[in-house]
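> This is the structure alone, sequence omitted:
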């Protein structure tokens, strides 16, 4: 794999470019509060976290909303945004000499102005005096921060800012899409390297180490989530993170892992044999999932809805299971009995951005669909250009779901209990791509092989 580190350097190594992207984000947010020109918006950045009561530091990752508006990837910052003028006031900590001894260089206010282009820079011990000069009528903040604002003597409003930020973040700017593409490029390459390397006798954690090596060597040092490297029955555990098992020929290996570029995530899943080829049963079930994904990818265009794609994928899965002799009945009967949820228990996908499961999936007032399978759908939205999402149908043999259904008269008649029971050690299959909704369809950012022919050729 080529080393593209010259293209993907960590943000801390050079001056932040693309400041216009963050200015654009701030303008979009402040427009939603333009009827309140005497109000302020307040956001608090993240701080370094430690493991329990020790001095072991977890890698710092900025709070996503703060990063969205400022581009600042340093701890202990805060910011005010004036709803009238649009001014961005950066609040920086007043560091002591001991900070320099232990943690490194202390930037001056002027350096922060040059690096991040705020309109004003103040120290955290100057906030009270600064607020007295600005006389805000109200300060909007995220839930959990109101006590800090109220301690300064000002009314805090927590009912609007969170929804406003989600509204803004759900449609990605071109700068954000560029970041997402760079994250996807590295994640694609890392997945391919793991796909080449898997073999019987290897341990899951070796593949995890290889994946992380490929991302870190490209300068992407933060993982957007804990990767899943699951073989055998572990591939049916949706958030499997043990990653300790030794892999064996005849098993499937599911890799759900991504990378993060300047806060923006890639989230890709592939499933393939630990050995060189799929068994006949693995091939049949794999093609069902791949067909379900391809059908739903072709449905992505402005105006369509995520729940309709989910149900389409579910229909393909139950019809495929019927063709394999695992279930019986018409597609309509199987869907009405929610048989699909026994094998496909999670949502079809989610929004992707600064968080792997990004904000905006459920606009205010949108209710969860109270139906098996769809209860866990992470987004109920009509697609619009600029949305970025994952499409990840799955098919799993999970005894904890299937055994109770064997004793449910409304479902048991549709299940080939003997055949399904023989597959309790099978595991699961999931295929996940990252896509952008465009005016006339979608753009797929994922290039990791996924047809059986491509996978077996690479293996």
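That came through fine. Just so it is clear, the structure is predicted and the values come from calculations on it, not from any experiment.
> what about stretch 366-375, start to end distance?
One end of stretch 366-375 to the other measures 13 Å (Cα to Cα, to the nearest Å).
> and that stretch, which residues are buried?
Buried residues in stretch 366-375, counted by 16 or more other Cβ atoms under 10 Å: 369, 372, 373, 374. Every C-beta, even on glycine, is put in place using the N, C-alpha and C of the backbone.
> ditto for stretch 44-55
44, 45, 46.
> Show me the contact partners of that stretch.
Contacts to stretch 44-55, defined as Cβ atoms under 8 Å, 6 or more residues apart in numbering, come from residues 56-58, 60-63, 66, 70, 72, 74-79, 141-142, 145, 148.
> rewinding a little: output the buried residues of stretch 366-375 as JSON lines; include the columns pLDDT, secondary structure and distance to residue 437.
Formatted as JSON lines, those follow (pLDDT from 0 to 100; DSSP: H, G, I helix; E, B strand; the rest coil; distance: Cβ to Cβ, whole Å):
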{"residue": "369", "pLDDT": "96", "secondary structure": "coil", "distance to residue 437": "21"}
{"residue": "372", "pLDDT": "94", "secondary structure": "coil", "distance to residue 437": "27"}
{"residue": "373", "pLDDT": "91", "secondary structure": "coil", "distance to residue 437": "23"}
{"residue": "374", "pLDDT": "95", "secondary structure": "helix", "distance to residue 437": "20"}
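> need the helices for the stretch 51-200 of the chain, in chain order.
Ranges of helices within the stretch 51-200 of the chain are 64-70, 97-103, 109-116, 127-134, 146-151, 161-169, 174-197, based on DSSP state H, counting those that start in this stretch.
> Work out for me the element the most centrally placed residue in the chain sits within.
Residue closest to the mean C-alpha point of the chain, counted by Cα atoms, centre = their mean, is residue 356 at 1.1 Å. In this structure, residue 356 is located outside every helix and strand according to DSSP states H and E.
> Quick check: most distant residue from the centroid of this structure.
Computed with Cα atoms, centre = their mean, the most peripheral residue in the chain is residue 133, at 40.7 Å.
> so what pLDDT did that one get?
Reading off the confidence values, residue 133 has pLDDT 94.
> can you give me the helices for the stretch 251-400 of the chain?
Under DSSP H, counting those that start in this stretch, the stretch 251-400 of the chain gives helices at 280-297, 306-323, 331-336, 340-343, 399-406.
> Nearest to residue 424, out of those helices?
helix 399-406 (5.0 Å; Cβ to Cβ).
> If you count contacts, what does the helix or strand that that closest one is followed by end up packed against?
Using DSSP H and E, the helix or strand that follows helix 399-406 towards the C-terminus is helix 409-412. Here helix 409-412 touches helix 399-406, going by 3 or more Cβ pairs under 8 Å, 6 or more residues apart in numbering; DSSP states H and E.
> contacting residues around the helix it packs on?
341, 342, 345, 411, 412, 415, 417, 420, 424.
> tally of neighbours for the last one?
Same thing as residue 424. Residue 424 has 14 neighbouring residues, counting by other Cβ atoms under 10 Å.
> okay, now the nearest residue to it once chain neighbours are set aside: neighbour count?
Spatial nearest neighbour of residue 424, chain neighbours left out: residue 399 (5.0 Å); criterion: Cβ to Cβ, 6 or more residues apart in numbering. When neighbours are counted by other Cβ under 10 Å, residue 399 registers 15.
> All further residue positions should be reported with the first residue as 342.
Sure, I'll start numbering at 342, so the last one becomes residue 740.
> Just the ones of the buried residues of stretch 385-396 in strands?
Mapping those onto strands (DSSP state E) picks out residue 385.
> May I see the buried residues of stretch 385-396 organised as TSV, with pLDDT and distance to residue 636 added?
Putting these into TSV (pLDDT from 0 to 100; distance: Cβ to Cβ, whole Å) gives the following:
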residue	pLDDT	distance to residue 636
385	97	44
386	98	42
387	97	40
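> Export the buried residues of stretch 385-396 as TSV, with columns for distance to residue 669.
Putting the buried residues of stretch 385-396 into TSV (distance: Cβ to Cβ, whole Å) gives the following:
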residue	distance to residue 669
385	57
386	56
387	53
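> picking that back up, phi first, then psi, for the residue nearest to the centre of the chain.
phi -60, psi -50 (degrees, to the nearest 10).
> any idea how far it lies from residue 606?
Separation of residue 697 from residue 606 (Cβ to Cβ, to the nearest Å): 5 Å.
> joint contacts of these two?
565, 566, 599.
> For those, pick the one with the most neighbours.
Neighbour max across the shared contacts of residue 697 and residue 606 (other Cβ under 10 Å) = residue 599, 27 neighbours.
> wait, that residue sits on residue 567?
No. Counting by Cβ atoms under 8 Å, residue 599 does not reach residue 567; the two are 10.4 Å apart.
> What ranges in this protein fall below the confidence cut-off?
The model of the chain has pLDDT under 70 over residues 342-360.
> Show me how it divides into domains.
Under the assignment automatic domain parsing, the domains of the chain span 352-510, 515-799.
> Let me know which of the ones you listed is tucked in deepest.
Among these, the stretch with the highest mean neighbour count (mean count of other Cβ atoms under 10 Å) is domain 515-799, at a mean of 19.
> Torsion angles phi and psi at the residue nearest to residue 725 when sequence neighbours are not counted?
Among residues not flanking residue 725 along the chain, residue 643 sits closest, at 5.7 Å (Cβ to Cβ, 6+ apart). Geometry field for residue 643 lists phi and psi as phi -50, psi 140, criterion degrees, to the nearest 10.
> surely residue 643 meets residue 726?
Yes. Contact status for residue 643 versus residue 726: in contact at 5.7 Å, counting by Cβ under 8 Å.
> shared neighbours, those two?
778, 780.
> chain center to stretch 773-793: distance?
15 Å (Cα atoms, centre = their mean, to the nearest Å).
> measure that stretch end to end?
15 Å.
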